[in-house]
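>>> Mind folding the following:
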Amino acid sequence: METGRNTRHALVVGAGIGGLATALALGRAGWRVTVLERAAAIGEIGAGIQLSPNGVRVLRSLGVLDDLLPTTFRPEAVEMRLGRSGRHVFRIELAETAVRRWGAPYLHVHRADLIDALLTGTVGSGLDITLHTGSAVRSYEQSLEEVTALLDSGRRVSGSLLVGADGIHSVIRSQMLGAGEPRFTGHVAWRVTVPVERLGNDVPPPTACLWVGDRRHAITYRLRGGALANLVAVVERDEWRGESWTERGTRQDALADFKGWHPTVTTTIREADAHYRWALFDREPLETWTDGRVALLGDACHPMLPYLAQGATMALEDARVLAHRLEGTDDVPRALLSYSATRRERTARVQAGSRQNGQRFHQGNSFAYLPLWLLGKLAPRRYHRRLDWLYGHRLP
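Predicted structure coming up:
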């Protein structure tokens with residue numbers, strides 16, 4: 001058993017966005033941190049994510065934003081178009097409003113670039129943070145004084161805190177609460193990235209653009225200074241098995257799902273080298289996130305459907321609040337209860353909002369979007385006000 005300096009020693013299970021952000025937040029707060037990652041190497045399948053101002057502010061507080069910014073893309077606006085004709089439903093300015101109203105830009109970023117920035121911030125920062133890959137955690141055990149992670153290799157690592165940031169299939173959550181059964185939403189998503197130089201006149205607009213119709217939808221946006229186009233396209237299915245992000249589909253199947261749609265969508269699909277698809281599963285909010293010296297974080301406790309683009313951002317917020325609640329106290333279990341009490345209501349609201357957006361995006365006919373058209377034409381500021389609770393939320 002590994003012993004020694006276990007006071008203010010955090011074990012973080014998982015080296016995704018939430019895990020690395022947690023390690024960095026705790027390291028900056030004076031904790032010694034050991035990150036235990038199952039994979040043999042840190043890597044991310046190429047895909048884009050949207051970072052709203054509430055997440056960007058966390059990255060700024062962690063000291064990684066300046067290094068990340070050159071790899072990002074700042075959309076001019078958020079817009080909705082009809083999937084077949086491309087006709088605008090609404091277009092609402094975003095770039096200047098985000099900074100002025102919510103204190104930070106709205107950014108599009110490649111997931112791999114965000115992981116790289118967080119990795120540099122953790123292992124390259126001089127903080128007392130150690131990352132171990134190939135270290136699959138199978139369970140934990142704890143006493144009043146410490147918690148121990150038990151690895152598949154037989155190794156035991158002890159500390160005063162364990163954070164389960166090990167994703168939607170969390171081993172830590174399964175031990176704490178039982179595996180639980182996810183609910184298939186009936187939605188399956190395609191995702192592709194394509195260099196814009198391949199797309200000719202069909203390059204996606206410099207916005208966060210939602211394409212809707214025919215009980216399906218797509219979203220396009222740009223990455224890496226505009227050089228890369230990202231598309232996520234969602235269709236309805238009766239049944240599905242598994243939740244893998246890395247299942248390969250075919251170009252033909254993806255094009256068939258969006259036959260007759262606007263050339264911006266179909267050309268992006270056609271020119272992609274790889275077409276990944278994954279089924280979207282939903283889970284009800286958890287009532288319990290903690291067990292003594294153990295806490296859950298990110299997708300391990302509040303997996304998000306992608307329809308509010310808040311999955312990564314909620315994990316970043318979790319990391320910031322967790323580190324804050326642990327400041328100046330040796331009562332780890334009490335601090336973890338405070339962390340979960342602070343975060344549960346907000347993340348449950350985001351989960352519900354994401355679910356509702358998924359239903360809105362798949363309405364049956366164009367007339368269903370008339371209220372949104374009116375909102376964009378007559379009251380764009382009301383759209384911004386409706387997002388204040390989400391993008392303007394201030395963390396401790």
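
>>> Please make it C-alpha for all contacts and neighbour counts, starting now.
OK.

>>> buried set for stretch 195-215?
Residues 195-196, 199, 202-214 are the ones in stretch 195-215 that count as buried (16 or more other Cα atoms under 10 Å).

>>> How far off centre is that stretch?
22 Å (Cα atoms, centre = their mean, to the nearest Å).

>>> Excluding chain neighbours, what is closest to Glu181?
Arg283 (7.9 Å; Cα to Cα, 6 or more residues apart in numbering).

>>> Likewise for Ile17?
Ile115 is the one closest to Ile17 (Cα to Cα, 6+ apart), at 6.2 Å.

>>> that older thread, so which of the buried residues of stretch 195-215 is the closest to Ala341?
The closest of the buried residues of stretch 195-215 to Ala341 turns out to be Ala208 (Cα to Cα; 32.8 Å).

>>> so who does that closest one touch?
Contacts for Ala208 were tallied using Cα atoms under 8 Å, 6 or more residues apart in numbering; they are Pro75, Ala77, Val78, Glu79, Ile219, Thr220, Tyr221.

>>> From Ala309, how far off is the nearest residue to Arg91 once chain neighbours are set aside?
Spatially, and ignoring its direct neighbours in sequence, Arg91 is nearest to Glu79 (4.2 Å; Cα to Cα, 6+ apart). Applying Cα to Cα, to the nearest Å, the value for Glu79 to Ala309 is 14 Å.

>>> Verify the stated contact: the residue nearest to Arg91 with Val212.
No. With contact defined as Cα atoms under 8 Å, Glu79 and Val212 do not form a contacting pair (10.9 Å).

>>> Angles on the backbone of the closest residue in space to Ser170 that isn't next to it in sequence, please.
Spatially, and ignoring its direct neighbours in sequence, Ser170 is nearest to Ala300 (5.3 Å; Cα to Cα, 6+ apart). Main-chain torsions, Ala300, degrees, to the nearest 10: phi -60, psi -30.

>>> measure Pro358 to Gly298 for me?
Quick fix: residue 358 is Gly, not Pro. 20 Å.

>>> Pick out whichever of the two has more residues nearby.
Gly298 (27 against 19; other Cα atoms under 10 Å).

>>> Look at the residue nearest to Ile17 and tell me its secondary structure.
Assigned state for Ile115: helix (three-state reduction, DSSP: H, G, I helix; E, B strand; the rest coil).

>>> Just give me the neighbour total for it.
21.

>>> isn't it right up against Gly18?
No. Ile115 lies out of contact with Gly18 (Cα under 8 Å); the separation is 9.8 Å.

>>> out of the contacts of Ala208, which is most surrounded?
The contacts of Ala208, ranked by neighbours (other Cα under 10 Å): first place Tyr221, 28 neighbours.

>>> Surely that residue is in a strand?
Yes. Remark: Tyr221 belongs to a strand, assigned using three-state DSSP.

>>> Let me see the contact set for it.
Tyr221 makes contact with Pro75, His108, Pro204, Pro205, Pro206, Thr207, Ala208, Cys209, Ala229, Asn230, Leu231, according to Cα under 8 Å, 6+ apart.

>>> ok, now with 7 Å
Tyr221 sits next to Pro204, Pro206, Thr207, Ala208, Cys209, Ala229, Asn230, Leu231 when contact means Cα atoms under 7 Å, 6 or more residues apart in numbering.

>>> likewise Leu51?
Going by Cα under 7 Å, 6+ apart, Leu51 touches Tyr106, Leu107, His108, Thr313.

>>> and it, bridged to which residues?
Beta-bridge pairing for Leu51 (DSSP bridges): Leu107.

>>> On the pLDDT front, check it for me.
Per-residue confidence at Leu51 stands at 98 (pLDDT).

>>> now do Met1
Model confidence at Met1, given as pLDDT, is 38.

>>> What of the one 5 residues further on?
pLDDT, Asn6: 69.

>>> who's Tyr221 bridged to?
Beta bridges link Tyr221 to Asn230, judged by DSSP bridges.

>>> hang on, isn't Thr148 packed against Leu161?
No. Using Cα atoms under 7 Å, Thr148 makes no contact with Leu161, being 8.8 Å away.
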